[in-house]
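K.L.:
3D, please:
(2 chains)
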2 protein chains.
Amino acid sequence: MSKLNETHDPSLSSWVTSANDGQSDFPIQNLPFASFRRAGSDESFRGGVAIGDQILDLKAAADSGVFSSQAQAELETAAKEKLNDFMAMGKDSWSRLRAALSSALRSGSAMEATLKSCLVAQADAEYGMPCVVGDYTDFYASIHHATNIGALFRPDNPLLPNYKWIPIGYHGRSSSIDVSGQTFPRPVGQTKAPDAAEPSVGPCKRMDFELEMGIFIGNGNELGETISIDNAEDHIFGMCLFNDWSARDIQAWEYQPLGPFLAKNFASTISPWIVTTEALAPYRASYSHPADDPQPLPYLESAENNAEGGVDVELDVLIQTEKMRAAGEEAVSLATSNFKYSYWTMAQMVAHHTVNGCNMQPGDLLGTGTLSGPSAEEACAMIELTTAGKNPVTLPNGEQRAFLEDGDCIVIRGFCQRNGVRIGFGEAAGTILPAKV
Amino acid sequence: MSKLNETHDPSLSSWVTSANDGQSDFPIQNLPFASFRRAGSDESFRGGVAIGDQILDLKAAADSGVFSSQAQAELETAAKEKLNDFMAMGKDSWSRLRAALSSALRSGSAMEATLKSCLVAQADAEYGMPCVVGDYTDFYASIHHATNIGALFRPDNPLLPNYKWIPIGYHGRSSSIDVSGQTFPRPVGQTKAPDAAEPSVGPCKRMDFELEMGIFIGNGNELGETISIDNAEDHIFGMCLFNDWSARDIQAWEYQPLGPFLAKNFASTISPWIVTTEALAPYRASYSHPADDPQPLPYLESAENNAEGGVDVELDVLIQTEKMRAAGEEAVSLATSNFKYSYWTMAQMVAHHTVNGCNMQPGDLLGTGTLSGPSAEEACAMIELTTAGKNPVTLPNGEQRAFLEDGDCIVIRGFCQRNGVRIGFGEAAGTILPAKV
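P.N.:
Residues are numbered from 1 along each chain as shown, chains lettered A, B, ... in the order given. Take a look at the predicted model:
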């Protein structure tokens, strides 16, 4: 575990005391990045780092002049409205700023007095997209999801022969990705019931979520060059939570032969905070394909990927219906899972994506695909949880859901926990509004 | 034909005399936009308009101050490095600048003396991407292509049941799109021969082109809003030529169930010039589905779309092999076709893309899909021309091609011609380099 350094020390605490309670998503070992401003203000969005229930305003911190000249360039770059330029600086710069921030926010830091004035309470903030996503690719990395959903779309052929060889992925829509708090009307589109003679047009009847994680590319590669699996992690800036909203009835009618399109591109919701690859270092997990499965081809295999290609992120997806909201009831869990169940690792996704010379750019986003786990309780989409609507879920207040209803808010949460330190991803929440018809 | 105005008058000529020979792609009735600079210089790229064999440097023209105050704002916006801001201004602005440019470049214009110093010869220029493409979507609008290629990928099921109801489309990769002159190494990837037990990794063996056209979105729509078919054309800035390079062996192994991915995203080549929708007004064609086919659903149907939803663009795809280049031989035609064969129109593509509330942004690019026509000579990809390589094409110099070889340059050209006026799209040329292995 040579990738651990002083910033991961479980004994570190912060002078921002809300970071030290063992419950916060954002202890000093985390230090994730977002783009934020005071809610309702006309301030410019700028970079921020979460610490406890506060945000360190990187613009204000850069302007304060208390940082060493070594990290000042990185601080000023990370303070911009979007993180793309900071992402492009590469891992040495990311690491340099992390070390400087860890030192500055640590209990006893001489910068406490100055930086206190650079804090904004998270309760007072609103978030923008952390970066411009030039291209968004969605993978299909959970074999459990692929098998579950394959059985519904293709009962006689659930897992296609390429699945165990290729990290299957496809291109998605960047423009409709937004941060937690996103609302969108129920999509309208063409659907065709199996027994109908012709398709019809109307609001989606099988509205679904997909619990995923997002992977942000840092520095990219030139067109025609590859990123080998040995270098792939160096090009990954960090991760977020991701809800790949899906209109299943639109998907079923449109997806052949070129893949999902309008079933997906009406909205996608990410958590505002990007947890860096460096912050995830203590939470890595070993990785392997089952012994009876094909083993990864050489360009998808490395000793390091086998040893710690996975990440142990506990995931939870919750629902709060309109009725629950009116009654003041908190969101309740629909399913839990873990990113470590993924059949393919982040490094394999990046190596595969570039094996043909496809160029990645700073801020590009890779979705992992729905991260369903091996058990029925770990099915991370309604279509799996309810067997395509046949077995509705009953919520604690008695409401039933085969698919999602208008007013439903879906919340994804995730965290890593080891050696007494818990680092979290915040949440990705989104709400379905009635269709515009 | 109420959309015709003075700028379309066939009798107009320009003081740039090379525009008046009836052979140039760029007579004064065309006035397409690109981003350019002098080749090999370190100048900034800026907007330019083609006229004959020259480019009117919009930055220089704006700086000259000879334009009226009415079009000056548009001129300054179109002069930027990328056209996105000009695209966002909307059709009244596009029309205003076109009228001003038409007047300024017309024979007898009082601006001739000033604007002569704002010309750069096309022979001396290099081009950049005309705009930032936020999202790129590829459609599948030729029923002839869909049937031909469907028969090869799914012999028992060539045209899927949704084809005649839905303008099938899928998301593509923006980062690897570049302008004419693009070169790229033959992609490497996983392929699996039908009789092989396992896939293998190596250079693509079935390298192909696809003759398409590209459609650039101008002003977009907000997430959750639609663009109706009645308004769709108002949101289309213009069109270009487009080569959707395809690695057929990679595609065959990877594309199920989520669509083509690495088979496409290693490179895509567009012509540098965007011919505006307004310039295309005299070349519109009526549009209908065959009487026996399902008629378009209401959101895909309008009287105007029926009357003139099509565009009569003659298309040609040519090849120049390395051997031909060494012998000083010109490129030779592989196939010709016409955009008017498309089963779906531009307006239908835009209306369908947004029926679910997906937001379009200025500079978004829609590929039409391979524009094969009804006859065998109008098959616009090698896989169709050679029946998946079984019947190689013999070139005039005796070389044979089942698929494309290293060093092959593929050139797409296109033009509209009516009433004695010919407006062209220039060309989209790209060359395959040897694989990096």
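
K.L.:
So which residues of the stretch 301-437 of chain A form strands?
P.N.:
Assigned by DSSP state E, counting those that start in this stretch, the strands in the stretch 301-437 of chain A fall at A:310-311, A:314-320, A:332-338, A:365-367, A:393-394, A:400-401, A:409-418, A:421-433.

K.L.:
So for residue B:231, which of the ones you listed sits nearest?
P.N.:
strand A:421-433 (22.7 Å; Cβ to Cβ). (C-beta placed from N, C-alpha, C; glycine too.)

K.L.:
what angle do that closest one and strand A:409-418 make?
P.N.:
Here strand A:421-433 runs at an angle of 170 degrees relative to strand A:409-418 (axes from the mean of the first three to the mean of the last three Cα atoms, to 10 degrees).

K.L.:
burial count for residue A:433?
P.N.:
Burial of residue A:433, expressed as a neighbour count using other Cβ atoms under 10 Å in any protein chain shown, amounts to 12.

K.L.:
And for it, nearest residue in space, chain neighbours not counted?
P.N.:
residue A:185 (4.8 Å; Cβ to Cβ, 6 or more residues apart in numbering or on different chains).

K.L.:
I figured that neighbour hits residue A:407, correct?
P.N.:
No. The pair formed by residue A:185 and residue A:407 falls short of the contact definition of Cβ atoms under 8 Å, at 11.9 Å.

K.L.:
shared neighbours, these two?
P.N.:
A:432-433 (Cβ atoms under 8 Å, 6 or more residues apart in numbering or on different chains).

K.L.:
Can you pick out the residue with more neighbours from the two?
P.N.:
In this comparison of residue A:185 against residue A:407, neighbours counted by other Cβ under 10 Å, the higher total goes to residue A:185 at 21 against 16.

K.L.:
What average pLDDT does stretch A:323-336 get?
P.N.:
Looking at stretch A:323-336 alone, the average pLDDT works out to 98.

K.L.:
ok, now which ones touch the residue in the stretch 1-150 of chain A positioned nearest to chain B?
P.N.:
Sorted by distance to chain B under Cβ to the nearest Cβ, the residues of the stretch 1-150 of chain A start with residue A:135, at 5.3 Å. The neighbours of residue A:135, taking Cβ under 8 Å, 6+ apart as the test, are A:171, A:174, A:360-361, A:364-365, B:173-175.

K.L.:
Out of those residues, who's the most crowded?
P.N.:
Ranked by neighbour count (other Cβ under 10 Å), the contacts of residue A:135 have residue A:364 at the top, with 29 neighbours.

K.L.:
is it true that that one touches residue A:217?
P.N.:
Yes. With contacts counted by Cβ under 8 Å, residue A:364 reaches residue A:217, the gap being 4.1 Å.

K.L.:
And residue A:77, its phi and psi?
P.N.:
Backbone dihedrals for residue A:77, given as degrees, to the nearest 10, come out at phi -70, psi -40.

K.L.:
residues near it, how many?
P.N.:
Neighbour count of residue A:77, defined by other Cβ under 10 Å: 20.

K.L.:
and if you look at the one 3 residues further on?
P.N.:
A count of nearby residues for residue A:80, using other Cβ under 10 Å, gives 19.

K.L.:
and it, what element?
P.N.:
Taking DSSP states H and E as the definition, residue A:80 sits outside all helices and strands.

K.L.:
Surely it touches residue A:86?
P.N.:
Yes. Between residue A:80 and residue A:86 there is a contact at 7.3 Å, judged by Cβ under 8 Å.

K.L.:
Give the residues shared as contacts by the two.
P.N.:
Here residue A:80 and residue A:86 have residue A:47 as joint contacts, going by Cβ under 8 Å, 6+ apart.

K.L.:
which residue sits closest to the residue in the stretch 301-437 of chain A positioned nearest to chain B in space, ignoring its chain neighbours?
P.N.:
Residue nearest to chain B within the stretch 301-437 of chain A: residue A:356 (3.7 Å; Cβ to the nearest Cβ). The shortest distance from residue A:356 to any residue that is not its chain neighbour, by Cβ to Cβ, 6+ apart, is 3.7 Å, and that residue is residue B:187.

K.L.:
Now do the same contact list for the one you found.
P.N.:
By Cβ under 8 Å, 6+ apart, residue B:187 lies in contact with A:356-357, B:203-204, B:207, B:247, B:250, B:262, B:266, B:435.

K.L.:
Then residue A:255?
P.N.:
Under the criterion of Cβ under 8 Å, 6+ apart, the contact partners of residue A:255 comprise A:153, A:261, A:263, B:257-259.

K.L.:
now swap in residue A:176 and tell me
P.N.:
The neighbours of residue A:176, taking Cβ under 8 Å, 6+ apart as the test, are A:184, A:265-268, B:223, B:358-359.

K.L.:
Of those residues, which belong to helices?
P.N.:
Secondary structure assignment (DSSP state H) places none of the contacts of residue A:176 within helices.

K.L.:
Among these, which lie within strands?
P.N.:
Helix and strand membership here follows DSSP state E; of the contacts of residue A:176, those in strands are A:184, A:268.

K.L.:
I'd like the contacts of residue A:176 as TSV, with pLDDT, distance to residue B:115 and neighbour count appended.
P.N.:
TSV is the format used below for the contacts of residue A:176 (pLDDT from 0 to 100; distance: Cβ to Cβ, whole Å; neighbours: other Cβ atoms under 10 Å in any protein chain shown):
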residue	pLDDT	distance to residue B:115	neighbour count
A:184	98	48	21
A:265	98	43	29
A:266	98	46	27
A:267	98	47	26
A:268	98	47	30
B:223	98	42	19
B:358	98	41	26
B:359	98	38	24
